[in-house]
Every structure is written in C-alpha cells, then in structure tokens.
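Novice: Model the structure of this input:
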Amino acid sequence: MKFVILWSDAFVFILISLAALLFIQTLSKPRLRKKWGAIFTRPLNLIAALILLVYCTVGTLDTLHFQSPNGVISLLDKIMEPLSVQSEKSYSTPFAIFSFSKEAITQPNGTVIRDYPRLAYGGAHLTSPSERSSDLVSRFIQISLKSIIIWLAFSVIFIILGCLKHHLSWEVFFGAILKGKTRFPWRTFLCSVGVLCFIVVSIGDLISHYHILGTSQVGEDVLYISLKSIRTGLIIGTVTTLITLPFAILFGIMAGYFRGWIDDIIQYIYTTLSSIPAVLLIAAAVLTLQVVMTRHNEWFTSFSERSDARLLALCAILGVTSWTTLCRLLRGETLKICEMDFVQAARSLGVDHFGIIFNHLLPNVLHIILITIAIDFSGLVLAEAVLSYVGVGVDPATYSWGTMINSARLEMARMPVVWWNLSAAFIFMFTLVLAANIFADAIRDAFDPRAQYHLGAL
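Specialist: Numbers count the residues shown, from 1 in each chain. This next block holds a predicted model:
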C-alpha cells in the first residue's frame, strides 16, 4: 500500500497538529482547562461537540489517501467499499429494490414491456420483492440488539472509570447519573453514544444490502456522496480560516496599535475589499483560475490532484476576501486596549512594540479570534454550498453538498420528484452548521470576559 498525500491532506494534518498542541496547552494550564471544561458541563454543548467529533472523524478518514489499482482512494472509500465500487443505472428511492424510472425490459418469451427493473445491488439478496419488509424488520431487530450490547459495554467501562475517579460506589454513581445530578452530563453523554452506536451499526449492516438514502442520477449511493462531502465542507471551513487569520490578526492589531498612516492604509484596503460584492469577486477569481488550469493541464498528473488544487484555490480565494470582518473587530478592540493603564505603563517602562503586541495585546484579543473562528466556520460551509450552486465552487468531480444541491435543481422539477438527494445534503449540512453554531455560542460564553461579567452579575 502506497500512501498519497495531497496538498489539502497536508493542510488537514497541520490543523490536526495545531489541535493537538491546543489540547496539550489546555491540559497544562488550569485556567484554560477550567474554561474548556465548563463548555462541556451543559448537555446541549456536549451533544454539539460529539456531532463535530463525528464529522471530523469521517473527514479525517477521507483524508488518508493511498494508491490503488483504481486510482487514488481514501480510507473512507475502503471502509465504505460496497458503496464506492458499486453503482446502479440511475435513480432509486431509499431502501428501494426497483429503479425509480421505467425501462424497456425483455421478457423470457421475447416480449418487451416497460416496467421498473430490479436494482443490481439494492435488495439483490432477496429472492422476491415481497420479502423486503420482513427482511428490514429482522435486520433492524438485529441492529438494535447489537447496538444495545455495544452501548452497554461502553457504558459499563465509563461508569467504572467514573467510580474510580470520584471514589464512589457504582450504586451511588449510577444513581447520580440517572437523576442527572453529576457535574458532567453523563446521562446526556451515554444517551448520545447510544444513538451514535445505533447509527454506525445500522450503516455497517445495511450498506451491503440496501441504498439507505437512495441513489443519484448516475446511480451513486447518496449516503456515500454525503459522507464524502463532509471532508470538503470541513476543509472549506478550517483551511479558509487558517488562511484568513494571518491577514486579520496582523493588519487588525497593526492598525489599532500604530495608527497614523499605517491605520489609514489598512482601513483603505479592507474598506475597498468590503465594498466589492463578495460573490462577484470570488466568481471572477474562480473563473480566472479555471482558465489557467485548463491551459496548463500538464501541472496535474491525475484528476484527484486537479480537483484538490481547485479546492485549495477556492479556500485561498475565500480566505483573501473574508478577513476584513475580523480585522475590523481586532482594530477596534486594539484601539480600546491601547488606552488602558497596563499598556501605557509598558510603554513608559520602555517595552518595545513587539513585546507589547505579543505580551499585552494579543492575549487580550484572543477571545475575539476564537469566537470569530467558530462563528465564521458555519458561514464558510454555507458559502461553499452557495458558490457550488451558482457554478463557481469546487470542481464538479469533487463531492460536496453544494454540487448535490446544484444537481437537485432539475431533480425537483421532475414528476415524480426526486427528493432524497436534496434532503440528504440539507440534513448533513444543517446538522454540521447547527452543531458549529451551538459550539460557537459555548466558546463565546466561556472565553468572552464581558459575557462572563454579565453572567456573574445575574
């Protein structure tokens, strides 16, 4: 097995390394550990964090690429192999065993009729269509039993660890969990894990026998497309933020600290960028990029590299055009902090500009940076969907929720309506954006000093 590292994979690995460093830093500082721990004491925040963890896990599995006889594939493709290598002729509804459209079928006696043909893989294990209902019922019973066994084993392990940590008997600790009287929401955590176990076991058991969310126009499994789109959404949200931060932090703090002609130049730059409609600016950049890539096909050795290059280019374009909001916030906060006594004292004592910026200004605007990152993430995921919908987003060969929504324009005009493609993209994207927004609110409550002051006053 030969591993392949695309450019976007490298960025993801950098982000994972930064997250690991942040985790280590949090563990080493009691104040940070207390703030992050307070986030997970609320059940809703914990559920949002678990959802984000699941999405990040799927995106990471889809980032580990290696060479195969069929080209470059990811570990997620290998795990979902029945879906990644099998496809039907065209549309089929969720859990269907027949195609969605009628075709000309030649009978054994030579006559030709128009009817709904059997799918090649969906329900292929059934000898008769009438067996589908009983087969699904029996499989869901087996799935439920497997899920309960896995969940019970998982719960027992965590309850034992909790008893050892808090030096309590299992009766006392288990009773506190059932009544919801623990500081950490164990009841919510274990219930969420139970639901997650059921979903994972269901997917693992059913993907070899049915198309759980139906198939697309070219016969691809919609569940597989939706899972593959997670990586695109996460890269758009995280890598774009990674590109945005240097511009926003550098220019925002410089404008607020040095003022004068430096402030005037930076204000002119971000005011000019803000005055240009973002969609038009991004569309112009993407269309120019398409022309350049078409004229230089020799730059890419495979379709995977070409799609990956366009994805990163879109991240760069979004990053260059979306740093102005954070820059404006940091400039205003820096102007306020520079008038405070501790900064004035540092200047009087002869501390250089570099020391004041990194020791006094940057730590005091860090909460704004964290809050803006968390809030902008969901906006960038939605921006990719909008751009792909208008045709200036990711490469058409790249799986994304935007391309799914774009293809659904004609599907919704059919009669009968092909609804499952759009519904799957909506559910997956809505879940990610909602979880990100809830977690962003939790970070704001934990790290914003003004929010903490108001909470303390109440």
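
Novice: Report the separation between residue 239 and residue 13.
Specialist: Using CB to CB, to the nearest Å, one gets 12 Å for the distance from residue 239 to residue 13. Heads up, the C-betas are built off the backbone N, CA and C, glycines and all.

Novice: The two: which has the busier surroundings?
Specialist: Between residue 239 and residue 13, counting by other CB atoms under 10 Å, residue 239 is the more crowded of the two (24 against 14).

Novice: The stretch 1-150 of the chain: strands as residue ranges?
Specialist: In the stretch 1-150 of the chain, the strands defined using DSSP state E, counting those that start in this stretch lie at 2-4, 65-68, 71-74, 103-106, 112-115.

Novice: Extract the residue ranges of the stretch 1-150 of the chain that are flagged as low pLDDT.
Specialist: Scanning the stretch 1-150 of the chain for pLDDT under 70 picks out 1.

Novice: Spit out the contact partners of residue 315.
Specialist: Counting by CB atoms under 8 Å, 6 or more residues apart in numbering, residue 315 makes contact with 235-236, 239-240, 243.

Novice: quick one: the helices in the stretch 1-150 of the chain?
Specialist: 7-28, 30-39, 43-61, 75-79, 81-85, 132-166 (DSSP state H, counting those that start in this stretch).

Novice: any chance of these in JSON lines, plus distance to residue 258?
Specialist: Rendered in JSON lines, the data for those read as follows (distance: least, CB to CB, whole Å):
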{"stretch": "helix 7-28", "distance to residue 258": "28"}
{"stretch": "helix 30-39", "distance to residue 258": "30"}
{"stretch": "helix 43-61", "distance to residue 258": "38"}
{"stretch": "helix 75-79", "distance to residue 258": "48"}
{"stretch": "helix 81-85", "distance to residue 258": "54"}
{"stretch": "helix 132-166", "distance to residue 258": "50"}
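
Novice: closest one to residue 358 among those?
Specialist: helix 7-28 (15.9 Å; CB to CB).

Novice: Identify each buried residue in the closest one, please.
Specialist: Neighbour counts using 16 or more other CB atoms under 10 Å place 8-9, 11-12, 15, 26 of helix 7-28 among the buried residues.

Novice: can you list contacts of stretch 375-392?
Specialist: Stretch 375-392 has contacts (CB under 8 Å, 6+ apart) with 232-233, 236-238, 240-241, 244, 279, 282-283, 286-287, 314, 318, 322, 325-326, 393-394, 400-403, 405-406, 409, 425, 429, 432-433, 436-437, 440.

Novice: Now with 7 Å, please.
Specialist: The contact list for stretch 375-392, computed with CB atoms under 7 Å, 6 or more residues apart in numbering, reads 233, 236-237, 240-241, 282-283, 286-287, 318, 393-394, 400-403, 405-406, 429, 432-433, 436-437, 440.

Novice: coming back round to it: quick one, which of the helices of the stretch 1-150 of the chain is nearest to residue 272?
Specialist: helix 7-28 (28.2 Å).

Novice: would you put the C-alpha positions of that closest one in PDB?
Specialist: This file holds the C-alpha atoms of helix 7-28, laid out as PDB (Å, rounded to 0.1, in the frame of the first residue of the first chain):
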ATOM      1  CA  TRP A   7      -2.000  19.300  -0.700                       C
ATOM      2  CA  SER A   8      -5.300  19.500   1.100                       C
ATOM      3  CA  ASP A   9      -4.200  16.500   3.200                       C
ATOM      4  CA  ALA A  10      -1.100  18.300   4.300                       C
ATOM      5  CA  PHE A  11      -3.300  21.300   5.500                       C
ATOM      6  CA  VAL A  12      -5.500  18.900   7.400                       C
ATOM      7  CA  PHE A  13      -2.600  17.300   9.100                       C
ATOM      8  CA  ILE A  14      -1.300  20.700  10.100                       C
ATOM      9  CA  LEU A  15      -4.700  21.500  11.600                       C
ATOM     10  CA  ILE A  16      -4.700  18.200  13.500                       C
ATOM     11  CA  SER A  17      -1.300  19.100  14.900                       C
ATOM     12  CA  LEU A  18      -2.400  22.500  15.900                       C
ATOM     13  CA  ALA A  19      -5.500  21.000  17.600                       C
ATOM     14  CA  ALA A  20      -3.200  18.500  19.500                       C
ATOM     15  CA  LEU A  21      -1.000  21.400  20.600                       C
ATOM     16  CA  LEU A  22      -4.000  23.300  21.800                       C
ATOM     17  CA  PHE A  23      -5.200  20.200  23.700                       C
ATOM     18  CA  ILE A  24      -1.800  19.800  25.400                       C
ATOM     19  CA  GLN A  25      -1.700  23.600  26.200                       C
ATOM     20  CA  THR A  26      -5.100  23.300  27.700                       C
ATOM     21  CA  LEU A  27      -4.100  20.400  29.900                       C
ATOM     22  CA  SER A  28      -1.000  22.200  31.100                       C
END
